[in-house]
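1. Everything below, folded, please.
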Amino acid sequence: MSALRPYLLLLPGLLVLAEKADADAIIVSQAQAASTIAEVFVEERAIRVELEIAVPDLGGFRNLLPDELLARLEVQPEPLAERLPRFFSEDMVFRVADGPPLPGRVTQMRGGTRVVRDEISGEPLPLEEGNGEVVVFATLEYPLATRPTSLSMTPPRGGSGFPAPAIGMVTYHQGVAVNDFRYWGREEVLELDWADSWYSRFQTRSMKRQYDAPLNVFLYVEPYEVRVEIIARPKDLQQWTDMGLAGMDVIPVELQEEIKLKAAEFLSGSFELVIDGATVTPVLERVNFLERTLRTSTVVSPPRELGVLAATLGVILVAPTSGLPEEVSVTWNLFSDRITVVPAAATDEAGPFPYLLSADDRVLRWRNFLLQPTVPTMVEIIAPPPIYAGALVTTTWISGLLVLGLALVSVRVFHSSRQLSKLRLAAAGVLVCIGLASALLDRHHAITEARVNQIVGGLLHNVYRAFDFTEEGAIYDVLEQSVAGDLLTQIYLETRRGLELESQGGARAKVKSVDMLEVNTMTRDSGRSFVVRCVWNVSGSIGHWGHNHQRTNQYLAELTVMAVEGAWKLSGVEILQENRLY
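-> Residues are numbered from 1 along each chain as shown. Here you go, the predicted structure:
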């Protein structure tokens, strides 16, 4: 019998366990390629380990399995009472410093279906009913007599003909993740900071989490805007200013607004912003509590009670500019015994430039080395025909007919055939000139399908370009060039809503492209207005909290365009359909 065949015999037993299991899903960390997952929770009185064991890895956990299941792996299994102590002393071993193995016990074991997770963030994903890999869930507990300063953690290593299990492990100390998902294949030592578990660390550098810094500074330089974003824990800010957290383990929802405002006010004065040689005071745009994963950083919404140790704030301050600056710098002033280095980054359209700020090197500097920077500009749109254009064509033809009539009447006055021929030739010439003039006038001002496409595409482009500015007054001034009268406020609100990222607390994406997919003219009115039904895509992005968020929306709408004060403007918009593509 092959080495894998005994594992397959366990499936019926596991399925029975799965049918008896309650409906609550076990929340585990992202496993990536690991077949078995271990979540380790270090609390004051005990270490709790939640396991999700894949069928091929069961041999590595044989001393943990009930007798009836182990019988499917080994012909003559030892009793569980003899095997279980060996599991805790030899297989999955936890020690306080260099002490003896901690005794453990099994608090739960059941079969179930593996929780499918996002391959990066580890967030649980929906699973179709009846599908999924069958696994064993087990919860173990190792009691602690005191608060240890360090823990040694050793995983099962196989043996007796069974391979070492592939384990993906994440550890939490007092609710704070000490590491991101990592493979656990050897002994690891965890240094514990009971005063602030954010600073608990594994001795192995590869076991550290990505978001390891309690403070981050991000500088974004864009046309018309310089943005400073700061990520900080209120717990760390408490060492410089009273955040009202003394004696608290959690931050209740009713206090969160006050804490946000305190943090924003304090952090606004923690740095100096210089743009092209002039010191600038940025204004507060937003402050939110954040939830950070390996994939994204999102606003905690709706608000909920937050643990003091893990709670994280994001503060955004903005300074408008007249265009793209040549040089921007941020001088950072917050350092302490624990925060000696602050990870930072200066970002433009070419990407981020990471930097480490310290007490000896406080300046995060950006210089414009872009050879051809993208500065958004307005599209020039052809002018509508003047009001007198149609009347001019009609008048030209009437004048021509009058000239022809006069020529015919003149025939009676002139009797020679030579004179008659000259008159006829002159009249014909006048009519030809009139026809050419009328055709040229009509062609110059005609609203062709190609011109309709150009006008509509240009108007939509200019509407979205208005939102490259940050000040509401500037946005309205630019919008007014493309939108008529009462529609102005509606367009402002609807477009702004479409560009906002709800998960980022209302941060607004910058439009990168407007792609017209379809434009069909429905009605025209004497060359002075028309109605079209069109489909277009809007693609945008925003650099935020060290991530780059992309968004593309598609719209189906009926647009009314009319000539107003010598320019084409949108006078009516009816959105028929809006889809978020990605």
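
2. can you map out the helices along the stretch 301-450 of the chain?
-> Applying DSSP state H, counting those that start in this stretch to the stretch 301-450 of the chain gives helices spanning 388-410, 417-445, 449-465.

3. what about the longest one, average pLDDT?
-> Looking back up the chat, that one is helix 417-445. Helix 417-445 carries an average pLDDT of 53.

4. Okay, now the unreliable bits of the stretch 301-450 of the chain?
-> Scanning the stretch 301-450 of the chain with the threshold set as pLDDT under 70 gives 387-446.

5. and with 50 instead?
-> Across the stretch 301-450 of the chain, the ranges flagged by pLDDT under 50 are 391-393, 396-397, 414, 437-442, 444.

6. ditto for the chain
-> Residue ranges of the chain with pLDDT under 50: 1-29, 31, 391-393, 396-397, 414, 437-442, 444.

7. which one's the longest strand in it?
-> The longest strand of the chain (DSSP state E) is strand 547-564.

8. Report the inter-axis angle for the next helix or strand after that one versus strand 547-564.
-> Later in the chain than strand 547-564, the nearest helix or strand by DSSP states H and E is strand 567-580. With axes from the mean of the first three to the mean of the last three CA atoms, to 10 degrees applied, the angle from strand 567-580 to strand 547-564 works out at 140 degrees.

9. outside of strand 567-580, which residues touch it?
-> For strand 567-580, the external contacting residues (CB atoms under 8 Å, 6 or more residues apart in numbering) are 381-384, 455, 459, 463, 481-485, 487, 490-491, 494, 498, 529, 531, 533, 551-564. Yep, even glycine has a C-beta here, placed from its N, CA and C like the rest.

10. now residue 302: how far from residue 259?
-> 17 Å (CB to CB, to the nearest Å).

11. who's more crowded, the two?
-> Counted by other CB atoms under 10 Å, residue 302 and residue 259 do not tie: residue 259 has more neighbours, with 20 against 6.

12. Touching, that one and residue 250? I think so.
-> No. Using CB atoms under 8 Å, residue 259 makes no contact with residue 250, being 12.0 Å away.

13. residues touching the nearest residue to residue 529 once chain neighbours are set aside, list them.
-> Counting by CB to CB, 6 or more residues apart in numbering, residue 529 lies nearest to residue 562, which is 3.7 Å off, once chain neighbours are set aside. Neighbouring residues of residue 562 by CB under 8 Å, 6+ apart: 484, 528, 529, 568, 569, 571.

14. The fourth one: how many residues sit nearby?
-> This means residue 568. Neighbour tally, residue 568, other CB under 10 Å: 26.

15. how close does it sit to residue 88?
-> From residue 568 across to residue 88, the span is 78 Å (CB to CB).

16. Next, residue 264: phi, psi?
-> The phi and psi values for residue 264, taken as degrees, to the nearest 10, are phi -60, psi -40.

17. Look up the residues forming beta bridges with the spatially closest residue to it that is not a sequence neighbour.
-> Ranked by CB to CB, 6+ apart and with sequence neighbours excluded, the top spatial neighbour of residue 264 is residue 287, at 4.3 Å. Residue 287 has these beta-bridge partners by DSSP bridges: residue 315.

18. For the stretch 51-200 of the chain, which segments count as strands?
-> Assigned by DSSP state E, counting those that start in this stretch, the strands in the stretch 51-200 of the chain fall at 93-96, 105-113, 134-143, 150-154, 167-173, 176-177, 182-183, 188-191.
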